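Give me coordinates for this.
(chains A and B)
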Amino acid sequence: MSWLSNRDREVSSEDSNVLRDQRVEKLQSIREDGVEPYPYTFNRTREIADILEEFDGDLEEETKNHEKLAGRMVGFRDMGKACFLDLKDGSGELQGYTNVDLLGEDDYELLQALDIGDFIGVTGPIFVTNRGELSVKVKGFQLLSKSLMPLPEKWHGLKDVEKRYRQRYLDLLVNDEVKETFVARSKLISSFRRQLDDEGFLEVETPLMQPAAGGATAEPFVTHHNALEQDLYLRIAPELYLKRLVIGGMERVYELGKNFRNEGVSTEHNPEFTTVEIYQAYADYEDAMNLTERLIARGTEDAVGTSKLDVNGETLDLRPPWDRTSIVESVEKATGTSDLSETSAAELKSFAEEEGLDLPEEGDLSWGETVEFLFEEYVEDDLFQPTFITDFPTDVSPLAKTKRDGDRQLTERFEVFVGGLEVGNAFTELNDPLEQRERFSGQEDGETKDEDFLAALEYGMPPTAGIGIGLDRLLMAITGSDSIREVILFPAMRRKDE
RNA sequence: AGGUCCCUAGCUCAACCGGCAGAGCACUCGGCUCUUAACCGAGGGGUUUCGGGUUCAAGUCCCGAGGGACCUACCA
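Below you'll find the predicted structure:
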């Protein structure tokens, strides 16, 4: 044990308590009896879900086949010379029955001495108890791994959210719906990959550590590369690299992965979050809307089994086509105003003040920023059914192409809302290198200028549509989760020193 | 970063106006050969998040620290 650091020793002794001490003693006595508490393997024949499925409903008499099942013992009902146990594996839970005649006295005594939380392998036929519960008749068993710490109580589960996030393994173990959420997450992600692959998109990987953090307006995390003697930023978006690939002739690419933003955490924000960004040459934002609808509707169906969801008592219907409304129109409708496009920023501002809204203090808001502000105040919270909000103002959309009808005030950009959450952002990409350079310089403290990207653009980028979808947010919407932490296995937590 | 609230046994929760820190499950011992939150009897288990203060007396009141939740701000 010399490789154990002193710190580990201290921690393990500090963690000790009566219940743990009891189990350590039990572990030793099991060893002394010649039973290895941590054997290397166990060849199970079936998973529990498989058994449950096969004998769903009726089973007249016990099976001739003996199954070998393995899992964690999560319940134990001792009746002296007979007992019942609940065995849980990754697929499901099955009751086991045995008695002293089936096991013999020595083995039976060992079984009685085991704790809830221990892993065991059992062998025996499948049968139905007098009370009608499908069970395995345990004619032999083997201890597969001794647990030293007691599991949270099964009936009430684990509720303390801090403990649930810090010790997610316990949360997954005792709260079945938590596991279901993360299974849905996995299915959603694989569905996106499958769909994009099927439509001829190529999955690529671009730098997570970038010399300039671009593609969005957000505070980056800074790190330092010693040998290169330079600071690097954890990416806030993969956008500018993916466009370089389109310039390089990769006409359909996507990247599914994490972004990092050094900003506040909230029910909708985690410092690292997962997006899929998709770029398609010779497509525009109309195509992007169609693709977004398909991806999300199908992804949801693959993840949770339906695209008509019940979210907190309301039906969220994700089947295309979705509502498409321009941001200006949505604000006009919600505020009962008109001719927003002809109204100056100053007039909008005084309108907002008359309505008693608190405008952001610093700096003068541009026309576009004011429109966006009014949208957030009046419209955003009421969006529940999937909706595309289109044609964002140019001054809040530095990477999007302006409208093809010549309106320089607006861009071909949309944000997509599902269940009231902003889950995506997309546009017809600005591919005029000179205009792009100008738009960057017009930004005050927003977009970091990526000179290398601007240089790449000058070699020519085809007409292209780009989409970004926030997978954490989307998962929140389709699982009805009220916090992003419920859909991230290990959400950001402040370090807790003991 | 600011505001409000929370932290009691392994887990879920009690403890009135400041008066001996409790229950259920889990654990230990005894009983019980078809139970299912098994049941019956007995028992062990606490630095009440941590550090100060007020008081004859603090889980409870006051101050500070740590962690968490929610709201606001930045953002997706």
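
Beyond the helix or strand that contains A:Glu415, next helix or strand please.
Element membership of A:Glu415, judged by DSSP states H and E, is strand A:413-418. Downstream of strand A:413-418, the next assigned helix or strand under DSSP H and E is strand A:421-428.

Which residues belonging to the longest strand seen in chain A are considered buried?
As assigned by DSSP state E, the longest strand anywhere in chain A is strand A:67-78. Going by neighbour count (16 or more other C-beta atoms under 10 Å), the buried part of strand A:67-78 is A:67-74, A:76. Just so you know, the C-beta spots here come from the backbone N, C-alpha and C atoms, and that holds for glycine as well.

and which of those is nearest RNA strand B?
Comparing these against RNA strand B with C-beta to the nearest atom of the strand picks out A:Phe76 as the nearest, at 5.9 Å.

still on that earlier bit, considering only the buried residues of strand A:67-78, which also neighbour RNA strand B?
Residues of the buried residues of strand A:67-78 in contact with RNA strand B (C-beta under 7 Å from any atom of the strand): A:Phe76.

Mind checking the pLDDT average for the longest strand of chain A?
Rounded to a whole number, the mean pLDDT of strand A:67-78 is 96.

again with stretch A:347-356
Rounded mean pLDDT across stretch A:347-356 is 84.

how long is stretch A:235-244 from one end to the other?
For stretch A:235-244, the first-to-last residue distance is 15 Å (C-alpha to C-alpha, to the nearest Å).

now it, how far from the centre of its chain.
21 Å (C-alpha atoms, centre = their mean, to the nearest Å).

Repeat that for stretch A:45-55.
Chain-centre distance of stretch A:45-55: 29 Å, with C-alpha atoms, centre = their mean.

circling back to that earlier point, any idea which of the buried residues of strand A:67-78 is closest to A:Gly157?
Of all the buried residues of strand A:67-78, A:Gly157 sits closest to A:Val74, with 11.9 Å by C-beta to C-beta.

Moving C-terminal from the helix or strand of chain A with the lowest mean pLDDT, which element do we reach first?
One helix or strand of chain A scores below all others by mean pLDDT, DSSP states H and E: helix A:6-14, with a mean of 31. Tracing the chain past helix A:6-14, the next element assigned as helix or strand by DSSP H and E is helix A:18-32.

And that following helix, what does it pack against?
For helix A:18-32, the packing partners by 3 or more C-beta pairs under 8 Å, 6 or more residues apart in numbering; DSSP states H and E come out as helix A:105-113.

Need the residues that contact the helix it packs on.
A:26, A:30, A:33, A:35, A:78, A:81, A:83, A:85, A:98-100, A:103, A:138, A:140-141, A:143 (C-beta atoms under 8 Å, 6 or more residues apart in numbering).

for the stretch 51-200 of chain A, which spans come out with low pLDDT?
For the stretch 51-200 of chain A, residues meeting the criterion pLDDT under 70 lie at A:57.

what residues does it put near RNA strand B?
Residues of the stretch 51-200 of chain A lying near RNA strand B (C-beta under 7 Å from any atom of the strand): A:75-82, A:84, A:95, A:97, A:99-101, A:113, A:115-116, A:127, A:129-133, A:135, A:149-150, A:152-163, A:165.

how much space is there between the closest residue to A:Ala49 other than its chain neighbours and A:Asn175?
Counting by C-beta to C-beta, 6 or more residues apart in numbering, A:Ala49 lies nearest to A:Ser91, which is 3.4 Å off, once chain neighbours are set aside. The spacing between A:Ser91 and A:Asn175, counted by C-beta to C-beta, to the nearest Å, is 17 Å.

List the contacts of A:Glu372.
A:Glu372 touches A:327, A:392-393, A:396, counting by C-beta under 8 Å, 6+ apart.

Of the residues you listed, which belong to helices?
A:Ile327 (DSSP state H).

Between the contacts of A:Glu372, which sits nearest A:Ser338?
A:Ile327 (14.7 Å).

ok, and what's touching the helix or strand encompassing A:Val122?
Per DSSP H and E: A:Val122 is located in strand A:119-124. Strand A:119-124 has contacts (C-beta under 8 Å, 6+ apart) with A:42, A:44, A:66-73, A:87, A:96, A:98, A:102, A:114, A:136-145, A:147.

ditto for stretch A:168-183
By C-beta under 8 Å, 6+ apart, the residues outside stretch A:168-183 that reach it are A:72, A:151-154, A:157-158, A:163-165, A:475, A:479, A:481, A:486-487, A:489-490.

Show me these that map onto strands.
A:Arg72.

can you list the weak-confidence ranges in the stretch 251-400 of chain A?
In the stretch 251-400 of chain A, residues with pLDDT under 70: A:361-363.

Quick check: residues of it near RNA strand B?
Taking C-beta under 7 Å from any atom of the strand, the part of the stretch 251-400 of chain A that reaches RNA strand B is made up of A:261, A:263-264, A:266-271, A:273, A:358, A:360.

Can you add neighbour count and distance to A:Lys243 and give the contacts of A:Glu372 back as TSV?
Shown next, in TSV, are those (neighbours: other C-beta atoms under 10 Å; distance: C-beta to C-beta, whole Å):
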residue	neighbour count	distance to A:Lys243
A:Ile327	24	24
A:Phe392	24	19
A:Pro393	22	22
A:Val396	20	19
